[in-house]
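Asks: no sequence for this one, just the structure:
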């Protein structure tokens, strides 16, 4: 998963961090459902993950987020490494960019969008766009349907990247709010240009070296106002003729979905159903139960076909990483925990895409 804005823009520190993210982002389709709009499925449903300061921050001090100590241990980085020194105010005035010219909002017919937080004058820099170089091939994924059918598709992140149709190089912009900027071929009010600091790097660095994250030159685009923009006006840019043609082709072919479908964010149950209960009262076809669980074969495997473990949450572990989300079957409910929430006994299952060291051996059953 990718968290644009502070989630990617800020560096991290194990102990001296200043920003904390809320537990969960908001989830919603912005009114663009598969029954009503051709853009359904083309954008992420997750939005507005907020960060708040957990201590006072001085002028020029770098904002740091909490990566978690496990992140540093995994990379053999000392967790007590000193944080970066503050930048002088004069240096920030000469080299810094304003990142609060944009604010999120709702549009009449395009779902979410970006809007001017203040008057923006012609030729002024509306927002900086640091970009993360990615290979197009890295966004190709193999998925498995509930029916078992395996198919190849593209990660949704592709829709947020800049790139030429025939180029293997993609650029993902991760500045706050910029990924909400919608398309307009007739009346765009902003354009993109390379920052002066990035122009030399693009000419001198080959694609394979740019894609090497350890050597990446730190590419930066700038969003520039084509005219004066009023406060509250939607920010729109021209995605290009190739995008416009592809969208028109999709629009001509799109038809509202006729299949029964309940978005997961609109489906809620207070108590998860056991396998026995699901036989009498099943979830919608697109809904199934998953668990965050970090399976460790060396710890959990034995000569027995059925192994058991007791799940324990830990804020110091990466168990809540999305890579550890896997299908599970609820076998029983067993009372309540200290907060009054149900306790469950589940059978952990494999999912497509797991590495060999994360998979249950064939014929083995793992109960948690």
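Replies: It's in. Just so it is clear, the structure is predicted and the values come from calculations on it, not from any experiment. Numbers count the residues shown, from 1 in each chain.
Asks: for the stretch 1-150 of the chain, what spans make up the helices?
Replies: For the stretch 1-150 of the chain, the helices defined by DSSP state H, counting those that start in this stretch cover 6-9, 69-74, 89-95.
Asks: Tell me which of those helices sits most buried.
Replies: helix 6-9 (a mean of 17; mean count of other CB atoms under 10 Å). Every residue, glycine included, has its C-beta placed from N, CA and C.
Asks: Show me what that one is packed up against.
Replies: Other elements packing on helix 6-9 under the criterion 3 or more CB pairs under 8 Å, 6 or more residues apart in numbering; DSSP states H and E are strand 19-21.
Asks: Could you dump the helices of the stretch 1-150 of the chain into JSON lines with mean pLDDT and distance to residue 323 added?
Replies: JSON lines is the format used below for the helices of the stretch 1-150 of the chain (pLDDT from 0 to 100; distance: least, CB to CB, whole Å):
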{"stretch": "helix 6-9", "mean pLDDT": "82", "distance to residue 323": "17"}
{"stretch": "helix 69-74", "mean pLDDT": "80", "distance to residue 323": "12"}
{"stretch": "helix 89-95", "mean pLDDT": "91", "distance to residue 323": "36"}
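Asks: And those helices: which comes nearest residue 149?
Replies: Among the helices of the stretch 1-150 of the chain, the nearest to residue 149 by CB to CB is helix 6-9 (33.4 Å).
Asks: Double-check residue 64 against residue 11; I have them as touching.
Replies: Yes. If you go by CB atoms under 8 Å, residue 64 and residue 11 touch, sitting 5.8 Å apart.
Asks: Please say which of those two ends up with more neighbours.
Replies: Neighbour count, other CB atoms under 10 Å: between residue 64 and residue 11, residue 64 has more, with 20 against 13.
Asks: ok now do residue 177, which residues does it touch?
Replies: 5, 102, 103, 104, 114, 127 (CB atoms under 8 Å, 6 or more residues apart in numbering).
Asks: go on, residue 116?
Replies: Counting by CB under 8 Å, 6+ apart, residue 116 touches 101, 102, 103, 126, 229, 230, 231, 232, 233, 234, 235.
Asks: What count of nearby residues applies to the residue lying closest to the third one once chain neighbours are set aside?
Replies: If I follow you right, that is residue 103. Of all residues not flanking residue 103 in the chain, residue 117 sits nearest, at 4.6 Å (CB to CB, 6 or more residues apart in numbering). Residue 117 has 14 neighbours, counted by other CB under 10 Å.
Asks: wait, what's in contact with residue 117?
Replies: Residue 117 sits in contact with 100, 101, 102, 103, 231, where contact means CB under 8 Å, 6+ apart.
Asks: got it, and residue 197?
Replies: 218, 220.
Asks: Just the element for it, please.
Replies: Per DSSP states H and E, residue 197 falls inside helix 196-204.
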